[in-house]
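Undergrad: can't give you the sequence, but here's the structure:
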Ligand SMILES: CC(=O)N[C@H]1[C@@H](OP(=O)(O)OP(=O)(O)OC[C@H]2O[C@@H](n3ccc(=O)[nH]c3=O)[C@H](O)[C@@H]2O)O[C@H](CO)[C@@H](O)[C@@H]1O
Ligand SMILES: C=C(OP(=O)(O)O)C(=O)O
């Protein structure tokens, strides 16, 4: 990937190669001001795979500067695609695809890489993708992706941990998804853009990133309607062309900063955002007693309440409460008066942040996929580890409110999903520093 790293940045990253980063966070500083939200990770990653659909160049802007984007870039390069990245702009030239098998070492790093299966198969007739495997939050199977492609006429053989898919020409099909999986909806929607005839996806995921992908594909010449509802209809076309496209703002990053404001009882604004994509998160912030004001079409302001009280949260597919915000709200609820109940329904193992919050003084009891939280008056600093991406973000927001200096480890997770998080938090007045310690 052609990157434009300055000599200073290069030399710094060389010196730090043998060390691991940790965050030192001095809590109880009050925050204020506004923070710029980056492009959505989950949109940018899937759009990068969508660029495989055209023998042409796609230019993406508002691409977040994240470790996951770098890893996805390496996967595309391994397929023969040419990339140029400059800051938040990414040029993807998929004119020549020279390989149809993605390397396991890269695919195992991020789930979204598996979503290349659909576009690669539709474009070249062959795709070999290592199974992405599970991760800290759950098993994360890909059966819905595979079954849907089979319904579109693909021959699929899974052996030695690799999904081998073949299809001279995919055919449109009526596909019912047993669960509105985001990735399966995206894989199948992309594959269907080049299939012969009409594909109907029933019980499709309605997440804003699915809508962004549909808009991106449409700007490449695809014919898609219904994205954002549970029924998506795709009329296949013979080929797609390159496009210029700007990624939608990251609703999870925006929500993270709103939670940071609420937990520190600080007034702050986030922009740009699409408020309609954040209805469930806004509703829960209001439930606890904070105000969320839309003071411009693309800006939200958080005004904390005098007292925050507990609430109940159940994670669900969009437009329900997003699982990716669950750990962050859990951190917030530890300091809300009274009791709260959090139920995780999307993943079977996404409560890894609980023991770490308990180390900081939180009162949380877990039974199955439920966490019962009894609010405490304060959290106190402790060494903590982020066990997955959002768990590490939850540690950061908890540390902002805790008494003393918290040391947060596990930043390889955090850096997958948050661009320049320390700089953004420092801009709001947080006392936070990245320090490199012996690995
Ligand atoms: C890169 C990306 O966009 N990641 C997001 C995407 O992940 P991802 O697309 O992987 O999430 P899914 O919506 O597919 O997964 C939801 C649930 O469905 C299950 N499932 C999924 C596919 C399948 O074939 N079989 C199956 O059983 C999963 O194990 C999980 O329990 O949506 C999730 C749910 O909003 C978010 O948490 C992730 O941040
Ligand atoms: C679970 C997440 O991402 P991924 O699907 O890339 O693991 C997330 O963004 O919280």
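TA: Structure's in. What do you need? Nothing here was measured: the structure is a model prediction, and the numbers come from that model. Ligands and ions are numbered 1, 2, ... in the order given.

Undergrad: where along the stretch 251-400 of the chain do the strands fall?
TA: 268-271, 291-296, 299-303, 312-314, 339-343, 363-367, 370-374, 383-385 (DSSP state E, counting those that start in this stretch).

Undergrad: got the residues of this protein near ligand 2?
TA: 42, 110-112, 324, 389-390, 417 (Cβ under 6 Å from any ligand atom). For the C-beta atoms, the positions are set from N, CA and C on the backbone; glycine is no exception.

Undergrad: that older thread, give me whichever of the strands of the stretch 251-400 of the chain is most buried.
TA: With neighbours defined as mean count of other Cβ atoms under 10 Å, the strands of the stretch 251-400 of the chain peak in mean count at strand 268-271, which reaches a mean of 22.

Undergrad: average pLDDT for that strand?
TA: Model confidence over strand 268-271, given as mean pLDDT, is 98.

Undergrad: Could you spell out the sheet neighbours of that strand, each with its direction?
TA: Strand pairing for strand 268-271, determined by DSSP bridges: strand 33-36 (parallel), strand 299-303 (antiparallel).

Undergrad: Name all residues that make contact with residue 320.
TA: 280, 314 (Cβ atoms under 8 Å, 6 or more residues apart in numbering).

Undergrad: Where does this structure get nearest to ligand 1, residue-wise?
TA: Residue nearest to ligand 1 within the chain (Cβ to the nearest ligand atom): residue 183, separated by 2.8 Å.

Undergrad: Excluding chain neighbours, what is closest to that residue?
TA: Sequence neighbours aside, residue 115 is the residue nearest to residue 183 in space, at 5.4 Å (criterion: Cβ to Cβ, 6 or more residues apart in numbering).

Undergrad: Number of residues surrounding that neighbour?
TA: 28 (other Cβ atoms under 10 Å).

Undergrad: before we move on, what about residue 306?
TA: The burial count for residue 306: 6, using other Cβ under 10 Å.

Undergrad: do the same with residue 307
TA: 11.

Undergrad: Surely it is in contact with residue 335?
TA: No. Contact criterion Cβ atoms under 8 Å: residue 307 and residue 335 do not qualify, at 10.6 Å.

Undergrad: sorry, back to before: on the three-state scheme, the residue of the chain closest to ligand 1 is what?
TA: helix (DSSP: H, G, I helix; E, B strand; the rest coil).

Undergrad: Quick one: residues contacting it.
TA: 46, 111-112, 114-115, 142, 145.

Undergrad: In helices, which of the residues you listed fall?
TA: 46, 145 (DSSP state H).

Undergrad: When you compare pLDDT across the contacts of residue 183, which one is lowest?
TA: Of all the contacts of residue 183, residue 111 carries the smallest pLDDT score, 89.

Undergrad: does any part of stretch 147-154 sit near ligand 1?
TA: No. Judged by Cβ under 6 Å from any ligand atom, stretch 147-154 makes no contact with ligand 1; its nearest approach is 7.9 Å.

Undergrad: Need the contact partners of that stretch.
TA: In contact with stretch 147-154 (Cβ under 8 Å, 6+ apart) are residues 117-118, 121, 156, 165-167, 169-173, 175, 177, 184, 187-188, 191-192, 195, 199, 201.

Undergrad: coming back round to it: how near is the residue of the chain closest to ligand 1 to residue 382?
TA: 35 Å (Cβ to Cβ, to the nearest Å).

Undergrad: out of the contacts of stretch 147-154, which are buried?
TA: 117-118, 121, 156, 165-167, 170-173, 175, 177, 184, 187-188, 191-192, 195, 199, 201 (16 or more other Cβ atoms under 10 Å).

Undergrad: what does the stretch 51-200 of the chain have sitting close to ligand 1?
TA: 111-112, 138-145, 179, 181-184.

Undergrad: Mind giving me the PyMOL select for those, buried ones only?
TA: Per 16+ other Cβ under 10 Å, the buried members of those correspond to this PyMOL selection:
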select buried, resi 111+112+140+142+144+145+181+182+183+184
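
Undergrad: From the residues of the stretch 51-200 of the chain next to ligand 1, pick the one nearest ligand 2.
TA: residue 111 (4.2 Å).

Undergrad: who are the neighbours in contact with that closest one?
TA: Residue 111 neighbours (Cβ under 8 Å, 6+ apart): 132, 135, 140, 183.

Undergrad: Quick one: which of those residues has the lowest pLDDT value?
TA: residue 135 (79).

Undergrad: which ones are touching that one?
TA: 111, 388.

Undergrad: Next one: it relative to residue 349, how far apart?
TA: Taking Cβ to Cβ, one finds residue 135 at 9 Å from residue 349.

Undergrad: Ok, residue 338 next?
TA: Taking Cβ to Cβ, one finds residue 338 at 27 Å from residue 349.

Undergrad: Residue 422 too?
TA: Between residue 422 and residue 349 the distance is 28 Å, computed by Cβ to Cβ.

Undergrad: again, but for residue 431
TA: 33 Å.

Undergrad: Could you do residue 115 as well?
TA: The value you get for residue 115 to residue 349, if Cβ to Cβ is used, is 22 Å.
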